[in-house]
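A.B. asks: Return a 3D structure for these sequence lines:
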Amino acid sequence: MTGAARFSRLVGGDGVAANLKTKSVRGGVVALAAESIDFAIRLGSVAVLARLLVPEYFGLLSMVTAFTSIADRFKDLGLSIATIQRKEITHEQVSTLFWLNAGLGVVMMLVVMGLAYPLSLFYSDARLIPITAAIAISFPLSAMAVQHQALLRRQMKFKELAVVQIGSSLLSLALAIIMALKGFGYWALVAREVSRSLFMAAGSWFCLPWIPARPSRQAGVGSMLRFGGDVTASNLVWLLCSSLDQVLIGKLFGAVPLGFYRQGFQLVLGPINQLSFPIQTVGEAALSRLQHDPEKYRRYYRKLLTILSMFTMPLVVFLAVYAEPCIRVALGQRWIGATPIFQVLAIAALLRPAAATAAGVMLTCGHSRKFFWLSAITSVALALGFLAGIPWGPVGIAWAHVWSIYLLLVPKLYWSFKRTPISVGLFFSSIARPLAASLMMGIILALVRQARLVQSPFEDLCLGAVLGALVYFGFWMVMPAGKSDLRDLIADFSGPMNGFRFLRRKEQTTPEFELAG
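C.D. replies: Predicted coordinates:
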């Protein structure tokens, strides 16, 4: 069998197009479950490693990753999104993109290794030289899996991706814990980062045993490179500016405050990203298939945004109200200094997942150049906010995330949705109910916390979680049309878990590709 024939057998797209609705809902359930499990693993790793290692070690790793996260974007070049977004793709095209990604991964490894010494001089810490050199090894490892993962997402094979993701997290965490117990210090954190890239690459190749051919200049990847170039440039500008907060805190305030900032940042955005990423990933793959049908695109986006907000908004409000017990339970007493940063970042995270869907709209509609310019403007605004917050320390720098989201929200949405099927009004109508229910829940929980009904931080969290769920869904159901809307949303998720009876019933009257409900 030739390479092209094998590629066609592995990546043929007819089944995906014919069952887009079924695969979307099933993929969303699987991806959400996988992210929830992966988040539990990561949260467990934070809880364990934070007790085995001192905050300084986390700060050292942050000093390196603040720079390497920028270089990490180059290995992709936006070509994974180009592979997913493309209506039709060939073996020669993906093979050429694979070797481009692999080559860039090697180049990035060499560049990062070359920056190890200057980075140590910048922070005046010689320990950063071997840390940076070791982290650099992850670049070619992860680059080798970019196209395999993109093809798995294109085919909506989220079950396979889930197995790879969870397995990689478990194995890398086990290695880090063993090394921490053996007294390797910050090398346990370094090993976790590098080994996870290795396990992800190996798992991706195992789940999609596609072997790329030699690159070809006649593959016709010019338009894909332009699309990917816009995405990469956007990500680069964003990372350069969004990483400035960690650079400033590490340089001006030291490793310990940076450790507080980084762990507070991860503890807030970790669960939010774990919930929003699978929904957005599945949604963007499906929206790419609907970009030429505006009505169906709008219906899908409305449902996508409502479901995303239904999960993320109440969680963010809960984290903001219960910041202190969250820190005590997850990280321990010596990390209590991260509480103010945690609260500020939680405020910023309320609308962050919903606003991020605007980027997905631009990319699935092919507006990569507009995506670049919008990213550049918002990134510069965020960087200026970081600089303005320096006099107030790490907490003042954290407030820049709040201002950059809320002050620029409406102009950003207007620019993003221009010449697409989506409008600003559709965006706000989609998030109105979960936002109102979340804010009401937050007010009730804040009043309950003032009464101090329990003393234990863990009991405080448990009481808040139960009461918050009752208030949130209770308020949702008393709002106009809230009960029927909530019933429809639950049906979207319960359908795949019950033999997809929901989907089969809707398919009798619903045109192909239309999202259920």
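A.B. asks: all helices in the stretch 251-400 of the chain, in order from the N-terminus.
C.D. replies: With helices called from DSSP state H, counting those that start in this stretch, the stretch 251-400 of the chain shows them at 255-289, 294-321, 323-330, 339-349, 352-364, 368-388, 393-406.
A.B. asks: Need those helices in JSON lines (columns: distance to A82, mean neighbour count and mean pLDDT).
C.D. replies: All C-beta atoms are positioned from the backbone trio N, CA, C, and that covers glycine. Shown next, in JSON lines, are the helices of the stretch 251-400 of the chain (distance: least, CB to CB, whole Å; neighbours: other CB atoms under 10 Å; pLDDT from 0 to 100):
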{"stretch": "helix 255-289", "distance to A82": "11", "mean neighbour count": "23", "mean pLDDT": "77"}
{"stretch": "helix 294-321", "distance to A82": "20", "mean neighbour count": "22", "mean pLDDT": "89"}
{"stretch": "helix 323-330", "distance to A82": "38", "mean neighbour count": "20", "mean pLDDT": "88"}
{"stretch": "helix 339-349", "distance to A82": "29", "mean neighbour count": "23", "mean pLDDT": "90"}
{"stretch": "helix 352-364", "distance to A82": "10", "mean neighbour count": "22", "mean pLDDT": "87"}
{"stretch": "helix 368-388", "distance to A82": "9", "mean neighbour count": "19", "mean pLDDT": "88"}
{"stretch": "helix 393-406", "distance to A82": "28", "mean neighbour count": "20", "mean pLDDT": "90"}
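A.B. asks: Out of the ones you listed, the one nearest S62 is which?
C.D. replies: With CB to CB, the closest approach to S62 among those belongs to helix 255-289: 4.4 Å.
A.B. asks: how far does that closest one sit from the chain's center?
C.D. replies: The chain centre lies 4 Å from the centre of helix 255-289; the measure is CA atoms, centre = their mean, to the nearest Å.
A.B. asks: that older thread, which one, of the helices of the stretch 251-400 of the chain, ends up nearest to F417?
C.D. replies: The nearest among those, by CB to CB, is helix 352-364 at 6.4 Å.
A.B. asks: so how far is S138 from N235?
C.D. replies: The gap separating N235 from S138 is 17 Å, by CB to CB, to the nearest Å.
A.B. asks: swap in V111?
C.D. replies: For V111 relative to S138 (CB to CB), the value is 13 Å.
A.B. asks: next one: V164
C.D. replies: 16 Å.
A.B. asks: L275 now?
C.D. replies: 25 Å.
A.B. asks: isn't L435 right up against M313?
C.D. replies: Yes: contact criterion CB atoms under 8 Å: L435 and M313 qualify, at 5.8 Å.
A.B. asks: So for the two, which residues contact both of them?
C.D. replies: Counting by CB atoms under 8 Å, 6 or more residues apart in numbering, the residues touching both L435 and M313 are L350.
A.B. asks: R196: what's it in contact with?
C.D. replies: R196 touches S138, S168, S169, L171, S172, counting by CB under 8 Å, 6+ apart.
A.B. asks: could you redo the last one with a cut-off of 10 Å?
C.D. replies: By CB atoms under 10 Å, 6 or more residues apart in numbering, R196 lies in contact with S138, L141, S142, Q165, S168, S169, L170, L171, S172, L173, L175, A176.
A.B. asks: quick one: which of these is nearest to G203?
C.D. replies: S168 (6.2 Å).
A.B. asks: Share the number of residues neighbouring the residue lying closest to that closest one once chain neighbours are set aside, please.
C.D. replies: Leaving aside its sequence neighbours, S168 sits nearest to F199 (CB to CB, 6 or more residues apart in numbering; 3.8 Å). Neighbours of F199 under the rule other CB atoms under 10 Å: 20.
A.B. asks: Hmm, F199 is touching L141, no?
C.D. replies: Yes: applying CB atoms under 10 Å, one finds F199 in contact with L141, separated by 9.2 Å.
A.B. asks: intersection of neighbour lists for those two?
C.D. replies: Joint contacts of F199 and L141 (CB under 10 Å, 6+ apart) do not exist.
A.B. asks: How many residues are close by I37?
C.D. replies: 16.
A.B. asks: helix/strand/coil for it?
C.D. replies: Three-state call for I37 (DSSP: H, G, I helix; E, B strand; the rest coil): helix.
A.B. asks: what's the nearest residue to it if we skip its chain neighbours?
C.D. replies: I166 is the one closest to I37 (CB to CB, 6+ apart), at 5.4 Å.
A.B. asks: could you measure P209 against R6, distance?
C.D. replies: 9 Å.
A.B. asks: Contacts only, for the nearest residue to I327 once chain neighbours are set aside.
C.D. replies: Closest residue to I327 apart from its sequence neighbours, by CB to CB, 6+ apart: T339 at 5.2 Å. Shown in contact with T339 (CB under 10 Å, 6+ apart): F260, G264, A323, E324, P325, C326, I327, R328, L331, V395.
A.B. asks: now T339: how far from A330?
C.D. replies: From T339 to A330 the distance is 11 Å (CB to CB).
A.B. asks: about what we covered before: between V111 and S138, who's got more neighbours?
C.D. replies: Counted by other CB under 10 Å, V111 and S138 do not tie: S138 has more neighbours, with 25 against 14.
A.B. asks: what residues are up against the residue nearest to that one when sequence neighbours are not counted?
C.D. replies: Among residues not flanking S138 along the chain, S197 sits closest, at 3.9 Å (CB to CB, 6+ apart). Neighbouring residues of S197 by CB under 10 Å, 6+ apart: 72, 105, 135, 137-145, 168, 172.
A.B. asks: Adding secondary structure and pLDDT, write these out as JSON lines.
C.D. replies: Formatted as JSON lines, the contacts of S197 follow (DSSP: H, G, I helix; E, B strand; the rest coil; pLDDT from 0 to 100):
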{"residue": "D72", "secondary structure": "helix", "pLDDT": "69"}
{"residue": "G105", "secondary structure": "helix", "pLDDT": "88"}
{"residue": "I135", "secondary structure": "helix", "pLDDT": "92"}
{"residue": "I137", "secondary structure": "coil", "pLDDT": "92"}
{"residue": "S138", "secondary structure": "helix", "pLDDT": "91"}
{"residue": "F139", "secondary structure": "helix", "pLDDT": "90"}
{"residue": "P140", "secondary structure": "helix", "pLDDT": "90"}
{"residue": "L141", "secondary structure": "helix", "pLDDT": "91"}
{"residue": "S142", "secondary structure": "helix", "pLDDT": "89"}
{"residue": "A143", "secondary structure": "helix", "pLDDT": "87"}
{"residue": "M144", "secondary structure": "coil", "pLDDT": "89"}
{"residue": "A145", "secondary structure": "coil", "pLDDT": "87"}
{"residue": "S168", "secondary structure": "helix", "pLDDT": "92"}
{"residue": "S172", "secondary structure": "helix", "pLDDT": "92"}
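A.B. asks: Backbone dihedrals for L453, both of them.
C.D. replies: phi -70, psi -30 (degrees, to the nearest 10).
A.B. asks: Kindly provide the distance from it to L52.
C.D. replies: Applying CB to CB to L453 and L52 gives a distance of 33 Å.
A.B. asks: So which of these two has more stuff around it?
C.D. replies: Between L453 and L52, L52 has the larger neighbour count (other CB under 10 Å), namely 15 against 11.
A.B. asks: Any figure for the gap between the more buried one and G360?
C.D. replies: From L52 to G360 the distance is 38 Å (CB to CB).
A.B. asks: how about stretch 177-186: buried residues?
C.D. replies: The neighbour-count check on stretch 177-186 (16 or more other CB atoms under 10 Å) flags I177, M179, A180, G185, Y186 as buried.
A.B. asks: do stretch 107-124 as well
C.D. replies: Applying 16+ other CB under 10 Å to stretch 107-124 flags V107, M108, M109, V112, M113, L115, A116, L119, S120, Y123 as buried.
A.B. asks: quick one, what contacts P394?
C.D. replies: P394 neighbours (CB under 10 Å, 6+ apart): 245-246, 248-249, 252-253, 257-258, 260-261, 264, 337-338, 340-341, 344.
A.B. asks: meant to ask about G203
C.D. replies: Applying CB under 10 Å, 6+ apart, the residues near G203 are A145, H148, Q149, E160, L161, V163, V164, Q165, I166, G167, S168, L171.
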